[in-house]
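Chemist: Output the structure for:
(one chain, ligands or ions: 1)
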Amino acid sequence: MPPLDGPAPASASPWPAEDWRRELARAVTDLEELLSLVALSADRVDAIRETDFALRAPRPYIARMRLGDPDDPLLRQVLPSAQESASVGGYGMDPLRESSAVVDAGLLRKYQGRVLLIAAGACAVNCRYCFRRHFPYTEHRQDSNFPALEAIRGDSTIREVILSGGDPLMLKDSHFAALVRRIGEIDHVRRVRIHTRLPVVIPQRVTAALIDVLASLRQQVVIVLHFNHGNELDRDCIRALAALGRFTLLNQSVLLRGVNDDADALVELSERLFAAGILPYYLHMPDAVAGTAHFDVSEAEAKALHRRMAARLPGYLMPRLVRETPGKPAKEMLDSLSNFI
Ligand code: SF4
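Modeler: All right, here's what the predicted structure looks like:
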């Protein structure tokens, strides 16, 4: 992996407010253009043009891919593969049975004390392994009044609101500010958690206005980022993370065949995350979503990898190896740290 040397990053957002919207609009959606940007010809990859889950990759993310390498771990995350059309038993449209967790349009409740608000129905990047690639976002669309907030206001057992999607940071700053301010007015909510991949793929999303609105919240703010490979952490990402440094920053990765199913890659990812101020939190087993079977890693392989990581990392840099099973009261931990002793 390329070294990250040079001056320490600044702690304020270095980007003008509209840069990220420009990058969003310039995202690559055409296969030939993507291949040309990474210096590959179509005969070197197993890519497909026709897919119901479109290719979408922002240019700041593409810029971190290795040229001429069909096995680049970042390219694999965004390149539509011919293997996606394979029909594999046990893989379905809603493997986590999220449809049964819906309590209101745009609101899911899976675990005690927490609700998940579908704040936006799109992302800056289309990750091929996405567990919500078949999610019916149109049924959960929120208007600018966010009607789902009324259900949160009416339930005093809710301690934490998780903003998810799609990616909640796809909302414009003014819209996002209106949403979090309204959550801020709900007395019983203690924490606002934001699940986002935008600072990974377009670091310019971390604007001064975004930081200001989060800093103004009465509640604690937890930002859960989604890095899967150390090569995703470039200098602009590190700047963005430094600008978010006053909040609790956690990372959740998905264990993906051909991307990060390798102890060296996972160890380096944890090291780079911590150097950038993020704690590695979860290493998720991939979910059984139709079109993603080629990313699967078996549970035995995952545990073996996790133990190889544990032999090389301090405990605080070890993400928990977890699987989400529908209907369980919490995520299932597959490998207890006590197994490593
Ligand atoms: S950013 Fe998250 S929700 Fe969006 S496509 Fe990627 S994995 Fe799915």
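Chemist: can you map out the strands along the stretch 201-341 of the chain?
Modeler: For the stretch 201-341 of the chain, the strands defined by DSSP state E, counting those that start in this stretch occupy 220-225, 248-254, 279-284, 320-323, 332-333.
Chemist: Send me stretch 197-213 as PDB with only the CA atoms.
Modeler: This file holds the C-alpha atoms of stretch 197-213, laid out as PDB (Å, rounded to 0.1, in the frame of the first residue of the first chain):
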ATOM      1  CA  ARG A 197     -19.800   6.100   3.300                       C
ATOM      2  CA  LEU A 198     -19.800   9.500   1.800                       C
ATOM      3  CA  PRO A 199     -16.600  10.800   3.600                       C
ATOM      4  CA  VAL A 200     -14.900   7.600   2.200                       C
ATOM      5  CA  VAL A 201     -15.800   8.100  -1.400                       C
ATOM      6  CA  ILE A 202     -16.200  11.900  -1.500                       C
ATOM      7  CA  PRO A 203     -14.300  13.400   1.400                       C
ATOM      8  CA  GLN A 204     -15.400  16.900   0.300                       C
ATOM      9  CA  ARG A 205     -18.800  16.000   1.800                       C
ATOM     10  CA  VAL A 206     -17.400  17.000   5.200                       C
ATOM     11  CA  THR A 207     -18.200  20.700   4.900                       C
ATOM     12  CA  ALA A 208     -18.000  23.400   7.600                       C
ATOM     13  CA  ALA A 209     -21.800  23.600   7.600                       C
ATOM     14  CA  LEU A 210     -22.100  19.800   8.300                       C
ATOM     15  CA  ILE A 211     -19.600  20.000  11.200                       C
ATOM     16  CA  ASP A 212     -21.400  23.100  12.600                       C
ATOM     17  CA  VAL A 213     -24.800  21.400  12.600                       C
END
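Chemist: Report the mean per-residue pLDDT for that stretch.
Modeler: Averaged over stretch 197-213, pLDDT sits at 97.
Chemist: how near is residue 116 to residue 106?
Modeler: 9 Å (CB to CB, to the nearest Å). In this view, the C-beta of every residue, glycine as well, is placed from N, C-alpha and C.
Chemist: Could you pull out the helices in the stretch 51-200 of the chain for me?
Modeler: Under the criterion DSSP state H, counting those that start in this stretch, the stretch 51-200 of the chain contains helices at 59-62, 73-78, 148-153, 173-184, 198-201.
Chemist: any idea which of those is most buried?
Modeler: helix 198-201 (a mean of 27; mean count of other CB atoms under 10 Å).
Chemist: Tell me which residues are up against that one.
Modeler: Around helix 198-201, the neighbours that count as contacts under CB atoms under 8 Å, 6 or more residues apart in numbering are 20, 57-58, 60-61, 123-125, 167, 169-170, 205-206, 225-227, 232, 237, 240-241, 244.
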